[in-house]
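1. Starting from these lines, generate the structure:
(4 chains)
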2 protein chains.
Amino acid sequence: MVSIKDVAAHAGVSPGTVSNVLNRPGKVAPATRERVEAAISELGFVRHGSASTLRAGHSRTIGLSVIDIGNPFFTEVAAGVEDVSSELGYAVILGNSAGSQDKEDRNLRVLAEHRVRGVLITPSGEDPARLDRLREHGISVVLVDHPAHRPDQCAVAVDDVGGGRAAVAHLLAQGAASVAYVTGPLTIRQCVERQEGARTAMRAAGLDPAGLRVIESMTMTARAGEKAASDLIASGLPESVFCANDLLALGVLRALLRSGVRVPEDVALIGYDDIDFAAASTVSLSSMRQPTYQLGRIATELLLDECDNPETHAHQHIMFQPELVARESTQ
Amino acid sequence: MVSIKDVAAHAGVSPGTVSNVLNRPGKVAPATRERVEAAISELGFVRHGSASTLRAGHSRTIGLSVIDIGNPFFTEVAAGVEDVSSELGYAVILGNSAGSQDKEDRNLRVLAEHRVRGVLITPSGEDPARLDRLREHGISVVLVDHPAHRPDQCAVAVDDVGGGRAAVAHLLAQGAASVAYVTGPLTIRQCVERQEGARTAMRAAGLDPAGLRVIESMTMTARAGEKAASDLIASGLPESVFCANDLLALGVLRALLRSGVRVPEDVALIGYDDIDFAAASTVSLSSMRQPTYQLGRIATELLLDECDNPETHAHQHIMFQPELVARESTQ
DNA sequence: ACCCTCTAATAGAACGTTTTACTTCCTGCG
DNA sequence: CGCAGGAAGTAAAACGTTCTATTAGAGGGT
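-> Numbering: from 1, shown residues only, chains lettered A, B, ... in the order given. Model (predicted):
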């Protein structure tokens, strides 16, 4: 394996000069630089990242820990993260917590061992202590799709209360007099806040928020949505349904149409996330769009700014507003 | 930052012993081991992975380079890769080539610098030279969803010719007398091979393979599928349509239904990949299922076996058969 | 001619592990 | 009693970079 020394010997300079060519090309005379660069490509030298990290004290790698890489929401976030990182020459180590705190802990440990420059994480629980431990090791943390735990920390989130309010306000504006909320586990922050928003909208419209019918599923999949819809049909349909994500909504939609219920004439339906398939389903689905890709991009930019410019960096708590996308299922 | 030396001092042993506790716990007396372990957790020590990699000459990291992380197909592959890696204590560096050779090259370079143990890649082009360069640096390469370039290499693929044949054979068996093939760019190996399979099936049924109507789109999205469907409607509908992936098929389905064409009564329709949404759409979509998650798992197992047991490792070329999943859209 | 500054390059230590060769101590056996 | 052999632990040399201090040389101003 060819090292910096071999390059140095081949170019007739010292290893330090080669290092300068690599890291501070301005510091070395043009003629020498060219000679070194020729030697590099001639020998096919590639820098040993670990040696570099060891000596320099920091790596050009960040960690990304998400809850479910199979969920289109996180996939788009990951795409944003990957794009920015790749532009700035950073590598991304991917961790999938699959909702398990254990797995998340294991992943964070791996990231700590790699001495990543920073970590982007959508935490799967509400315990900030594990993240504080990372910070003690000098690893910056930026929260994604989650409000900040503490002031000296960046976070990029979306207003879930506002989103829930807007979704239900839209249903009510379309003339619905009753609303059901089909949701995932109410241990998940997002589900709870969207529910809270739904109640706010009802209150604003002069309805009793206690009248919100809540159907809670353990998973947030289309199958769970179908199940929820049959519960609704069995116990009497509301005039409108708000689902905590689009997968649930697509399941509800399918089960309703199967049973001869017309959407939106009999029941208006709105989802959340605006995944690609929402627009493509047969009765196109209204939804709350989140700037998913941007979430990933901005979080990464904040993280890398915090790493590369620690003295000028200002911590930011960014809160996006989701955007209502009205389609056939509500009009 | 606490190092192995601090731990050694705190436990009253030498650094070498701490290293042994970490890497070969059997070699150290139980009493000492406990003392060291206590020191480790007391000081909150985490091993410096780069130092370890530098000295040991190899890392516990692999690279994963895919063509489009936004595509559910690759997402599921990634989930399989991540699960196996995480079980065996390996970290995964993610690279998204987005179909660009340049970006793929950049990603491979980053992986080489990180001295990853191996690389899993779905190559975006057909040039094996770049991958050979990795091998010269001692990095094992396993191809995913792509046949092997050379015998001394592992590869995990799916029979795309067979899949195309089975899909079209199914359409013909359902009574269709004409077939259109809606595909992505015919520079993509998978699209070409599925087309070849389709022709084989026609030949086997006594039809002229030249009668296959081919509609080629530049992207493989639902939108492209809708466009393709309007082309078909404008120029006269075939009795059946085979799509190179499910996103195209869902777009075709939607456009057809919108125009009052009944599926499957007027036109039978089959997709490819069997993504989750295929089963969830209003007219559920027939498709060719690929063992996507398994693809990721097995490729990773092969790679890590090649890395961890270089002497006993036997290179394998695995070819899965896709499985026909018949749903409403073809019966 | 002398001192000062500036540029270009170098030597060599340091980063935190792993590993090899070595010491020490114990145990069992002839 | 002496000695082989194993177990447990240590000291010190790597691994391939980066970085600090240092040197050598080239001008430039007085």
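2. Contacts only, for A:Leu64.
-> A:Leu64 makes contacts with A:Ala78, A:Val81, A:Val92, A:Ile93, A:Leu94, A:Gly95, A:Val119, A:Leu120, A:Ile121, B:Leu94, as judged by C-beta atoms under 8 Å, 6 or more residues apart in numbering or on different chains. For every residue, glycine as well, the C-beta is placed using N, CA and C.
3. Secondary structure element holding it?
-> Taking DSSP states H and E as the criterion, the element that holds A:Leu64 is strand A:61-66.
4. related to what we said a few turns ago, could you dump the contacts of A:Leu64 to CSV with neighbour count?
-> Supplementary listing: these in CSV, determined by neighbours: other C-beta atoms under 10 Å in any protein chain shown:
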residue, neighbour count
A:Ala78, 26
A:Val81, 31
A:Val92, 24
A:Ile93, 21
A:Leu94, 25
A:Gly95, 24
A:Val119, 25
A:Leu120, 29
A:Ile121, 27
B:Leu94, 24
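5. Point out the ones among those that are inside strands.
-> The strands, defined by DSSP state E, take in A:Val92, A:Ile93, A:Leu94, A:Gly95, A:Val119, A:Leu120, A:Ile121, B:Leu94 from these.
6. Kindly provide the distance from the fourth one to A:Leu302.
-> Read it as A:Gly95. A:Gly95 sits at a distance of 19 Å from A:Leu302 (criterion: C-beta to C-beta, to the nearest Å).
7. The first one now?
-> To A:Leu302, A:Val92 is 15 Å away according to C-beta to C-beta.
8. list the contacts for A:Ser14?
-> By C-beta under 8 Å, 6+ apart, the contact set of A:Ser14 is A:Ala8.
9. hmm, who's touching the helix or strand hosting A:Gly225?
-> Secondary structure from DSSP H and E places A:Gly225 in helix A:222-235. Contact partners of helix A:222-235, identified using C-beta under 8 Å, 6+ apart, comprise A:180, A:182, A:184, A:213, A:215, A:217-218, A:238, A:241, A:243, A:247-256, A:259, A:261, B:276-277, B:279-280.
10. Assign a three-state SS to the residue in the stretch 101-250 of chain A that DNA strand D sits nearest to, would you?
-> Among residues of the stretch 101-250 of chain A, the one nearest DNA strand D by C-beta to the nearest atom of the strand turns out to be A:Arg115. It sits 13.1 Å away. Assigned with DSSP: H, G, I helix; E, B strand; the rest coil, A:Arg115 falls in the coil class.
11. Does it touch B:Gly49 like I think?
-> Yes: assessed by C-beta atoms under 8 Å, A:Arg115 is found in contact with B:Gly49 at 6.4 Å.
12. What ranges does the stretch 151-300 of chain A have for its strands?
-> Residue ranges of the strands in the stretch 151-300 of chain A, as given by DSSP state E, counting those that start in this stretch, are A:154-158, A:179-183, A:213-216, A:240-243, A:268-270, A:287-289.
13. Tell me what A:Tyr181 is bridged to.
-> Counting by DSSP bridges, A:Tyr181 forms beta bridges with A:Val214, A:Phe242.
14. For burial, what's the neighbour tally of it?
-> A:Tyr181 sits with 23 neighbouring residues when counted by other C-beta atoms under 10 Å in any protein chain shown.
15. before we move on, back to that, which ones are touching the residue of the stretch 101-250 of chain A closest to DNA strand D?
-> Taking C-beta under 8 Å, 6+ apart as the contact definition, A:Arg115 lies against A:Thr53, A:His58, A:Ser59, A:Ile139, B:His48, B:Gly49, B:Ser50.
16. of these, buried ones?
-> Neighbour counting with 16 or more other C-beta atoms under 10 Å in any protein chain shown marks A:Thr53, A:His58, A:Ser59, A:Ile139, B:His48, B:Gly49, B:Ser50 as buried within the contacts of A:Arg115.
17. In the helix holding A:Gly225, which residues are buried?
-> Neighbour counts over helix A:222-235 (16+ other C-beta under 10 Å) mark A:Ala222, A:Arg223, A:Ala224, A:Gly225, A:Glu226, A:Lys227, A:Ala228, A:Ala229, A:Leu232, A:Ile233 as buried.
18. same deal with stretch A:289-298?
-> A:Arg289, A:Gln290, A:Pro291, A:Thr292, A:Tyr293, A:Leu295, A:Gly296, A:Arg297, A:Ile298.
19. And the residues you listed, which is closest to A:Leu134?
-> Closest approach between the buried residues of stretch A:289-298 and A:Leu134, by C-beta to C-beta: A:Gly296, at 19.4 Å.
20. A:Phe73 is in contact with the closest one, correct?
-> No: using C-beta under 8 Å, A:Gly296 makes no contact with A:Phe73, being 10.3 Å away.
21. can you redo the buried residues of stretch A:289-298 as TSV with distance to DNA strand C?
-> Output for those, formatted as TSV (distance: C-beta to the nearest atom of the strand, whole Å):
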residue	distance to DNA strand C
A:Arg289	46
A:Gln290	40
A:Pro291	40
A:Thr292	38
A:Tyr293	37
A:Leu295	34
A:Gly296	31
A:Arg297	33
A:Ile298	33
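22. With respect to A:Ala129, which of the residues you listed is nearest?
-> Of all the buried residues of stretch A:289-298, the one with the least separation from A:Ala129 (C-beta to C-beta) is A:Leu295, at 24.6 Å.
23. Now pLDDT and distance to chain B too, for the buried residues of stretch A:289-298, in a markdown table please.
-> Converted to a markdown table, these look like this (pLDDT from 0 to 100; distance: C-beta to the nearest C-beta, whole Å):
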| residue | pLDDT | distance to chain B |
| --- | --- | --- |
| A:Arg289 | 97 | 16 |
| A:Gln290 | 96 | 15 |
| A:Pro291 | 96 | 15 |
| A:Thr292 | 95 | 10 |
| A:Tyr293 | 96 | 9 |
| A:Leu295 | 97 | 14 |
| A:Gly296 | 97 | 11 |
| A:Arg297 | 98 | 13 |
| A:Ile298 | 98 | 18 |
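24. Just the ones in helices from the residues you listed, please.
-> In helices, defined here by DSSP state H, the members of the buried residues of stretch A:289-298 are A:Thr292, A:Tyr293, A:Leu295, A:Gly296, A:Arg297, A:Ile298.
25. give the contact list for the third one.
-> Contact criterion C-beta under 8 Å, 6+ apart gives A:Val77, A:Gly80, A:Val144, A:Asp145, A:Val156, A:Val158, A:Phe320 as the residues in contact with A:Leu295.
26. Please report how far the closest residue to the fourth one other than its chain neighbours lies from A:Lys227.
-> Across the structure, with C-beta to C-beta, 6 or more residues apart in numbering or on different chains as the measure, the residue nearest A:Asp145 apart from its sequence neighbours is A:Thr122 (5.0 Å). Computed with C-beta to C-beta, the distance linking A:Thr122 and A:Lys227 is 26 Å.
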